[in-house]
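Undergrad: Mind looking at a prediction? Sequence and model below.
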Amino acid sequence: MTTIVVSPRERYSSILPSLESLFSTISPDVPVIVVEGSTPRAIRRRLRELNQRRPFTHVSLGYMVTPNEARNIGMRMASTPYVVLSDNDIEYEPGWLEALERNASESGADAVAPLIFIGPSEARTIHHAGGRLIFNESSGRPIIKEEHRLMNVPFERVESRLSELAPADNDVCEFHCALLRKSVWESMGGLDERLITREQVDFGLRLISMGSRITFAKDSHVTYRAFDPFNPIDLGYHLFRWSDHRAVESMDAFEETWQLNLEREHIRTQWIANHRARAIASAYPRFSRYLPRRIFRRFFIPLLEFLSKRREIRSRRGHSIRPLIPSRPDAPAVKQVLRAISASPVG
């Protein structure tokens, strides 16, 4: 039996269509735990209405909760051998859960990644068909990064050769959606709640250090709905998660744990800054269309970030929130992990 834990990714408005999709593809007896925080009143009301139609455990926190905080809360509540961790902006296809469970049972894996598409789009475009971690120390500064297999490749082009192109064994699962054995999470000491970026890399490294197996289930299909337009109400949470100060703290924590470097400037200025700008432009299309780009980027976006920071402070005021930090692997274990990654074949 598997419990499904749904946690926030970067917006509020996606949770209702995502849950409707989830419930249409699983049996009524599958336990579901939904963890969310500081969600707009109208969405909370509709979640309660949905809970009347299809019961699930609803954890509604009065403060903004980071994804790893929410995942740990849900994991503690789960009582089944396996747990699926899923973001609240995923669309599911029939049979996705059974394929993950079947893969875990047949392979003995401790974590299983589904085939993740990116959309919505008429063309089924792959976002993640398993992944690998790449360790590079040739420059004298050891750097680790993640590679999504077959990212942005049309599914129809590779469907017949998917087993060959996306090997069963992997280094990493994307937290968009992944199945894991609860006992492994317990042995790990939970997920590092300081991380809002590269948390899946930390998770993969910890699994490798424990001798766990990570596999890929090509017959389990879900879609990360990245291209849905943002609603203005989403930006409070989006800017909370992807704030500069939280990103820097996250990368500091990762590098301290693993004594490795991330591509920090690329992550912060290319991925996070551009991701924020796209979300804001999507939520306020008229402003992005008619304001000069310089003004939109230099004044409008910082104003929204300032207002978001004030909302975050208000939401977390009065709550004693201490991030869970799992034990740091010892130096020999870290070296062994990096040797294993360096020796893994390119693919």
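TA: Received, thanks. Numbering: from 1, shown residues only.

Undergrad: For residue 6, which three-state class applies?
TA: Residue 6 carries the three-state label strand when classified by DSSP: H, G, I helix; E, B strand; the rest coil.

Undergrad: Count the residues that sit near it.
TA: 27 (other C-beta atoms under 10 Å). Every C-beta, even on glycine, is put in place using the N, C-alpha and C of the backbone.

Undergrad: And for residue 310?
TA: 11.

Undergrad: What of the one 5 residues further on?
TA: Close neighbours of residue 315, defined as other C-beta under 10 Å, add up to 19.

Undergrad: can you check residue 68 too?
TA: 24.

Undergrad: That one and residue 199 touch, don't they?
TA: Yes. If you go by C-beta atoms under 8 Å, residue 68 and residue 199 touch, sitting 5.6 Å apart.

Undergrad: contacting residues for residue 334?
TA: With contacts defined as C-beta atoms under 8 Å, 6 or more residues apart in numbering, residue 334 is in contact with 209, 258, 259.

Undergrad: just those: which has the poorest pLDDT?
TA: Lowest in pLDDT among those is residue 259, which has 86.

Undergrad: hang on, the earlier thing: which residues are in contact with both of residue 68 and residue 199?
TA: 191, 192.

Undergrad: ok so, going back, just give me the closest of the contacts of residue 334 to residue 25.
TA: Nearest to residue 25 among those, counting by C-beta to C-beta, is residue 209 at 33.7 Å.

Undergrad: What is the neighbour count of that closest one?
TA: As a burial measure, residue 209 scores 18 neighbours (other C-beta under 10 Å).

Undergrad: Would you mind measuring from it to residue 325?
TA: Distance of residue 209 to residue 325, given as C-beta to C-beta, to the nearest Å: 16 Å.

Undergrad: Give the partner strands of the strand ranked longest in the chain in its sheet and their orientations.
TA: Assignment by DSSP state E gives strand 214-224 as the longest strand of the chain. Using DSSP bridges, strand 214-224 pairs in its sheet with strand 90-92 (antiparallel), strand 111-118 (parallel), strand 169-170 (antiparallel).

Undergrad: Mean pLDDT, distance to residue 268 and mean neighbour count added to the ones you listed, as a markdown table?
TA: A markdown table is the format used below for the strands paired with strand 214-224 (pLDDT from 0 to 100; distance: least, C-beta to C-beta, whole Å; neighbours: other C-beta atoms under 10 Å):
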| stretch | mean pLDDT | distance to residue 268 | mean neighbour count |
| --- | --- | --- | --- |
| strand 90-92 | 98 | 26 | 23 |
| strand 111-118 | 98 | 22 | 26 |
| strand 169-170 | 92 | 26 | 20 |
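
Undergrad: Please identify which of those strands is closest to residue 104.
TA: Of all the strands paired with strand 214-224, it is strand 111-118 that lies closest to residue 104, at 5.1 Å by C-beta to C-beta.

Undergrad: next helix or strand past that closest one?
TA: Once the chain leaves strand 111-118, the next helix or strand it forms, by DSSP states H and E, is strand 125-128.

Undergrad: who's in contact with that next one?
TA: 113, 115-119, 148-155, 158, 174, 176, 224, 226.

Undergrad: before we move on, what about stretch 231-250?
TA: Counting by C-beta under 8 Å, 6+ apart, 8-14, 38, 40, 43, 64, 66-67, 194-199, 230, 267-268, 272, 275-276, 279-280, 283-284, 304-305, 308-309, 311-312 sit against stretch 231-250.

Undergrad: Can I get that stretch as PDB, trimmed to CA atoms?
TA: Coordinates of each C-alpha in stretch 231-250 appear next as PDB, following Å, rounded to 0.1, in the frame of the first residue of the first chain:
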ATOM      1  CA  ASN A 231      -2.700  33.900 -11.100                       C
ATOM      2  CA  PRO A 232      -1.800  37.000  -9.100                       C
ATOM      3  CA  ILE A 233      -2.700  35.200  -5.900                       C
ATOM      4  CA  ASP A 234       0.100  32.700  -6.700                       C
ATOM      5  CA  LEU A 235       2.900  35.200  -6.500                       C
ATOM      6  CA  GLY A 236       2.900  35.400  -2.700                       C
ATOM      7  CA  TYR A 237       4.000  31.800  -2.400                       C
ATOM      8  CA  HIS A 238       6.100  31.800  -5.600                       C
ATOM      9  CA  LEU A 239       8.200  34.700  -4.400                       C
ATOM     10  CA  PHE A 240       8.400  33.200  -0.900                       C
ATOM     11  CA  ARG A 241       9.900  30.000  -2.300                       C
ATOM     12  CA  TRP A 242      12.100  31.500  -4.900                       C
ATOM     13  CA  SER A 243      13.400  34.500  -3.000                       C
ATOM     14  CA  ASP A 244      17.100  35.400  -3.400                       C
ATOM     15  CA  HIS A 245      17.900  35.100   0.300                       C
ATOM     16  CA  ARG A 246      16.300  31.700   0.600                       C
ATOM     17  CA  ALA A 247      18.100  30.500  -2.500                       C
ATOM     18  CA  VAL A 248      21.400  31.600  -1.100                       C
ATOM     19  CA  GLU A 249      20.800  30.000   2.300                       C
ATOM     20  CA  SER A 250      19.800  26.800   0.500                       C
END
